[in-house]
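Asks: Need a 3D model of the sequence below.
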Amino acid sequence: MRVLLSTIGSRGDVQPLVALALQLRAIGQEVRLCAPPDFRDWIDSLGIPLTPIGPELRNMAALSSPGMPPQLSPEHRRQMAEATVATQFKTIAEAARGCDIIVAATALQIAARSLAEVMGIPYVFVAYCPTVLPSPYHAPAILLPGQTSVPETADKRERWTENARRFNEAFGAALNSHRLSVGLAPVSDVRSHIFTDQPWLAADPTLAPWPEPGDLAVLQTGAWLLPDERPLPPELERFLGAGEAPVYFGFGSMGAPQELGQVIVQTARELGRRAILSRGWAGLSAGGDETDCLVIDDVNHQALFRRVAAVVHHGGAGTTTAAARAGAPQVVIPQLYDQHYWAERVRQLGLGIAHPPATPTRESLTSALKHTLQPDVAARAQRIATLVRSDGAQAAAQCLVAANTQKPS
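Replies: Here you go, the predicted model:
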């Protein structure tokens, strides 16, 4: 079986597919990836064929700075939608040539199902968070502020209806134009077309349970976790061994103002803690030669998070799951989309606190960490860690082999 795994997004969107790719390859299946070019070197190093799609995303990180949401005009959004749909139809078609099944992750995979229809092969849509998928028990994740005309107090079904309307408004014309060009009938509900009535949910059932019963027949596989055997850099090992457990701060692919690095150092000092600061796509720095703060690049989070006092982060699905699996208390500062869900789940589970979605100040960050560094929070985080599963990608690989024997939905 030859599988195409396709996504458009940051590392948090790509890494689960890499985990699945390695599991599929381990059971003798052939795998290809279609993902942004930012990850070419990493994926090439794993020996997985990659078809790059779209522009590099790292240069766009500043658009998602905390407290500075993107401001796009309706015309700009329309042009972006038309461009991304056209790119997807061309690039994914090339990547899928000769494949037996297409797996599409994230809600912006507009073209993948249509191409699977043309090829006559199965198609699977995967979400990494429950609030991506419609349910009467939760409201939809909103990709960008200002993209809904329905108030937050509205009925959840009303908000999902508005969400579907937005999908049609943004992508309906471009999608149907391309469908007609390849001999397919137009669709009237873009979101349902992308998601299907049997989507998969690659999220841990303890951290992010699907609220059964729902309107969809959701298959929850567990999170797709990529094993990481990399040793920590010597400098980081020395820092960790030079005192009590520090606090980790990192915001992944999110943008952030440069002064945030100094706020982090000041906050840690006020609490009598050392800090580890991940540069991330924002290129954060501590602002000087600080002996109580170590600035790092990408490292093995699975190893590091077991040795820190707390993890302060943006609320990506991967970082939240990694911290929970390591038993680390968390402060989540959400900015976009499903990050607000993960922040709330951290609060509900007693794993830490959800910081307001704005650039943290020294006062707000100090207050959040004071709560999170309490012994009862650490004990709760350790208990929850024992419940987080690690076999989601393995389960999904087996399901895909079974799905390949079925007709496309």
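Asks: Quick one: find the helix or strand in this protein with the lowest mean pLDDT.
Replies: The weakest-scoring helix or strand in the chain, judged by mean pLDDT, DSSP states H and E, is helix 260-270 (a mean of 85).
Asks: What is the subsequent helix or strand relative to that one?
Replies: Following helix 260-270 in sequence order, the next helix or strand is strand 275-278 (DSSP states H and E).
Asks: could you dump that following strand to CSV, C-alpha only?
Replies: Below are the C-alpha coordinates for strand 275-278, written out as CSV (Å, rounded to 0.1, in the frame of the first residue of the first chain):
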residue,chain,number,x,y,z
ALA,A,275,14.6,29.7,33.0
ILE,A,276,15.1,27.8,29.7
LEU,A,277,13.9,29.9,26.8
SER,A,278,13.3,28.3,23.4
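Asks: per-residue confidence averaged over it?
Replies: Average pLDDT, strand 275-278: 90.
Asks: What is the helix or strand that that strand is followed by packed up against?
Replies: Scanning forward in sequence from strand 275-278 by DSSP H and E, the next helix or strand is strand 293-296. When contacts are defined as 3 or more CB pairs under 8 Å, 6 or more residues apart in numbering; DSSP states H and E, strand 293-296 packs onto helix 234-241, helix 260-270, strand 275-278. Bear in mind the C-beta positions are built from the backbone N, C-alpha and C, glycine included.
Asks: ok, and what's touching the last one?
Replies: Contact with strand 275-278 is made by 236, 239, 246-252, 261, 264-265, 267-268, 284-286, 292-299, 304, 308, as judged by CB atoms under 8 Å, 6 or more residues apart in numbering.
Asks: how about low-confidence regions in the stretch 151-300 of the chain?
Replies: 151-153, 214-215, 253-255, 257, 288-289 (pLDDT under 70).
Asks: What residues sit buried inside the longest helix belonging to the chain?
Replies: Ranked by residue count, the top helix of the chain under DSSP state H comes out as helix 156-181. Under the neighbour-count criterion of 16 or more other CB atoms under 10 Å, helix 156-181 has 159-160, 162-163, 165-168, 170-176, 178-179 buried.
Asks: now it, how far from the centre of its chain.
Replies: 22 Å (CA atoms, centre = their mean, to the nearest Å).
Asks: ok, now stretch 73-92?
Replies: 21 Å.
Asks: Ok, stretch 330-342 next?
Replies: Per CA atoms, centre = their mean, the centroid offset for stretch 330-342 relative to its chain is 10 Å.
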